[in-house]
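[1] Below are the sequence and a predicted model for it; my questions follow.
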Amino acid sequence: MEILIEQPPILDKILKAGMKPQKTTIFAFKGKIFNPSGVDIPADILVHEEVHLKQQKGADDDWYDRYLTDKEFRLNEEIAAFREQYKFFCEMERGRNLRARYLDKIAKNLSSEIYGEIISKSEVINKIK
C-alpha cells in the first residue's frame, strides 16, 4: 500500500460535505493512503484504512461521491472500518478496561464533526460491539 504525505485530491469535496477532518486525519483514496501531516500511522488505523481501500476497489469515483453525499452510506462504510479496527485492537489487548476506553475513543471519533456528526456516541458503541 502506497502512503503519500500530502492532502487527498478530494479535500475540498470533503469539507463541502460538512466534514471537518483534523490535521492528523488519514484518508484512503484510489488505492493510496494520504497522510497529510506525515505522522506515524498506528497499525489499528492502517487496518481501518485497508477496509476503505477494499470498499473502494473497482468503484472509481462512485464510492467517494456516494460517501460524501449519502450520510447513511458513509455511516455504514465507517462502521465496517471501525469494527475491524476495534477487532484488531481487541486481538492485541485483552484488558477489559483498556478495550472499553478504546471503544469510547473511537466512538467519539465517529460521532464527531470529523465525519459530519452523523451518529451519536452511544449508537456507535452499540453498532461496533
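    Here it is on my side, so go on. All values derive from a computational prediction rather than experimental measurement. Numbers count the residues shown, from 1 in each chain.

[2] rest of the way, CA atoms for contacts and neighbours
    Noted.

[3] Other residues contacting the worst-scoring helix or strand of the chain on mean pLDDT?
    When each helix and strand of the chain is scored by mean pLDDT, DSSP states H and E, helix 62-69 comes last, with a mean of 93. Helix 62-69 is contacted by residues K13, I14, A17, Q55, Q56, F73, R74 when judged by Cα atoms under 8 Å, 6 or more residues apart in numbering.

[4] could I get the residues you listed as TSV with neighbour count and secondary structure?
    Rendered in TSV, the data for the contacts of helix 62-69 read as follows (neighbours: other Cα atoms under 10 Å; DSSP: H, G, I helix; E, B strand; the rest coil):
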residue	neighbour count	secondary structure
K13	14	helix
I14	21	helix
A17	16	coil
Q55	14	helix
Q56	18	helix
F73	14	helix
R74	18	helix
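
[5] now, among the residues you listed, which is nearest to G31?
    Of all these, G31 sits closest to Q56, with 7.9 Å by Cα to Cα.

[6] Distance of the residue nearest to that closest one when sequence neighbours are not counted relative to E78?
    Leaving aside its chain neighbours, Q56 sits nearest to W63 (5.8 Å; criterion: Cα to Cα, 6 or more residues apart in numbering). Applying Cα to Cα, to the nearest Å, the value for W63 to E78 is 13 Å.

[7] now the helices for this structure?
    Counting by DSSP state H, residue ranges of the helices within the chain are 11-16, 43-56, 62-69, 71-92, 96-110, 121-128.

[8] mind checking which of these is nearest N35?
    The closest approach between N35 and any of the helices of the chain, judged by Cα to Cα, belongs to helix 43-56 at 11.0 Å.

[9] That closest one to helix 62-69, inter-axis angle?
    Compare the direction of helix 43-56 with that of helix 62-69 by axes from the mean of the first three to the mean of the last three Cα atoms, to 10 degrees and you get 110 degrees.
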